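J.: Need coordinates for the below:
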Amino acid sequence: MQMLDINKLRNAYNVIHRMSQNRHPFAEEELSLEVVQSAQVQEALADAAEVIAVYGKIMNLVSQSTSFKVAPKTPKAVKSSFVVEQDDLSRLQPMTEATNITKLVKYINDTFADKEMHNLTTVELGRWLENTGYLKLPEDGRNKIPTEKGSALGIVTEKRVRQATGEIYYINLYPQAAQQFIFANLPAVAEFLAKEKEEKLADA
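T.: Sure thing, here's the model as predicted:
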């Protein structure tokens, strides 16, 4: 019998729990249809469904039920790593208004849409911004905030209130200068992610 992956179980809980509160599962933003339909969230939900199915089998809920069937998981196609050539950067134009990281990443992925290539995610871009000293985790460890270096670039943090719960959260906004900086450094972002992948494979 297939074993239950504890890490997938933990991730599945986090994704479902945050989405049940109308929260973006990977960023401190409101949940939207655009977010739900993103490849990153769809993949996380597929993993959550797999965890639930495996747990059901373990508890003899699936195998004994005639009305509850688990669809076979479609093998994932192996995609090439995210990459952007220097010559392609001219295709990106900063948005007039300051925008959040989710919309920024979606614009980048839409511009370089390629079914064979892994899409950039908000988590990956956030890690690069943190690694290069533009974002940091505060003491409470929740939402990344701009460092002095990030603030000098124009990144600002705004307080928002969730309509559904009244909960206060914070969101980073990237004005034109910050957007242009990120666009210009996308090759460096791709290189950073490739190095991360190599190190992960080496440790496996």
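J.: All the helices of the chain, residue numbers only.
T.: Taking DSSP state H, the helices of the chain run over residues 6-20, 33-36, 39-58, 101-111, 122-131, 148-153, 176-184, 186-203.
J.: Reformat those as a markdown table; add distance to Gln93, mean neighbour count and mean pLDDT.
T.: No exception for glycine: its C-beta is placed from N, CA and C like everyone else's. Below are the helices of the chain laid out as a markdown table (distance: least, Cβ to Cβ, whole Å; neighbours: other Cβ atoms under 10 Å; pLDDT from 0 to 100):
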| stretch | distance to Gln93 | mean neighbour count | mean pLDDT |
| --- | --- | --- | --- |
| helix 6-20 | 32 | 14 | 75 |
| helix 33-36 | 20 | 13 | 70 |
| helix 39-58 | 23 | 16 | 72 |
| helix 101-111 | 9 | 19 | 93 |
| helix 122-131 | 18 | 18 | 93 |
| helix 148-153 | 18 | 15 | 96 |
| helix 176-184 | 8 | 18 | 96 |
| helix 186-203 | 14 | 13 | 88 |
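J.: Including distance to Leu137, could these go into CSV?
T.: Putting those into CSV (distance: least, Cβ to Cβ, whole Å) gives the following:
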stretch, distance to Leu137
helix 6-20, 17
helix 33-36, 22
helix 39-58, 20
helix 101-111, 15
helix 122-131, 7
helix 148-153, 13
helix 176-184, 19
helix 186-203, 18
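J.: between these, which gets nearest to Pro138?
T.: Proximity to Pro138, assessed across the helices of the chain by Cβ to Cβ, is greatest for helix 122-131 (11.8 Å).
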